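Chemist: Could you work out the structure for the sequence below:
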Amino acid sequence: QVMLEESGGGLVQPGGSLRLSCAASGTIFSIRTMGWYRQAPGKQRELVADITSAGSTNYADSVKGRFTISRDNAKNTMYLQMNSLKPEDTAVYYCNTNLRRYGWSGSLSDYWGQGTQVTVSS
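Modeler: The predicted model follows:
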């Protein structure tokens, strides 16, 4: 079993900052990609940012220059530093990982966290 524990969400004023964390635990051999997605009310879930095991990153255009994704491979933990937050960043943020549980010959599987609410409002 694999569990993803997210933390760091909350209420912040426009222009403020938050740092999200996602820790993966359980039977894990190797994590390939980790990513943050978000879903606002009435909208589809969208990719915010992701990062490979080698550290290559990818960002949605709407967050470039404001958000920074990082990971600690030794701790199977990923972070999202969110600066200059805007009301349109309000959403539930989900952690996602793509990983192998039982060696290099094992299949890759996706896992999702429960989500953490981020609300940007004055």
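Chemist: Who are the contact partners of the closest residue to residue 9 other than its chain neighbours?
Modeler: Leaving aside its chain neighbours, residue 9 sits nearest to residue 116 (3.4 Å; criterion: C-beta to C-beta, 6 or more residues apart in numbering). In this view, the C-beta of every residue, glycine as well, is placed from N, C-alpha and C. By C-beta atoms under 8 Å, 6 or more residues apart in numbering, the contact list for residue 116 reads 6-9, 20, 92-93.
Chemist: Quickly name whichever of the residues you listed is closest to residue 35.
Modeler: Nearest to residue 35 out of those is residue 93 (C-beta to C-beta; 10.7 Å).
Chemist: Spit out the contact partners of the closest one.
Modeler: Counting by C-beta under 8 Å, 6+ apart, residue 93 touches 6, 9, 20, 36-38, 48, 80, 115-118.
Chemist: same question, residue 39
Modeler: Here residue 39 is in contact with 45-46, 91-92, 94, 115 (criterion: C-beta under 8 Å, 6+ apart).
Chemist: go again using 10 Å as the cut-off
Modeler: 45-46, 91-94, 115 (C-beta atoms under 10 Å, 6 or more residues apart in numbering).
Chemist: Repeat that for residue 95.
Modeler: By C-beta under 10 Å, 6+ apart, residue 95 lies in contact with 4-7, 20-24, 34-37, 77-78, 80, 111-116.
Chemist: Give me the subset of the contacts of residue 93 lying in strands.
Modeler: Among those, the ones falling in strands (DSSP state E) are 6, 20, 36-38, 48, 80, 116-118.
Chemist: I'd like to know which of the contacts of residue 116 are buried.
Modeler: Neighbour-count burial (16 or more other C-beta atoms under 10 Å) is assigned, among the contacts of residue 116, to 6, 8-9, 20, 92-93.
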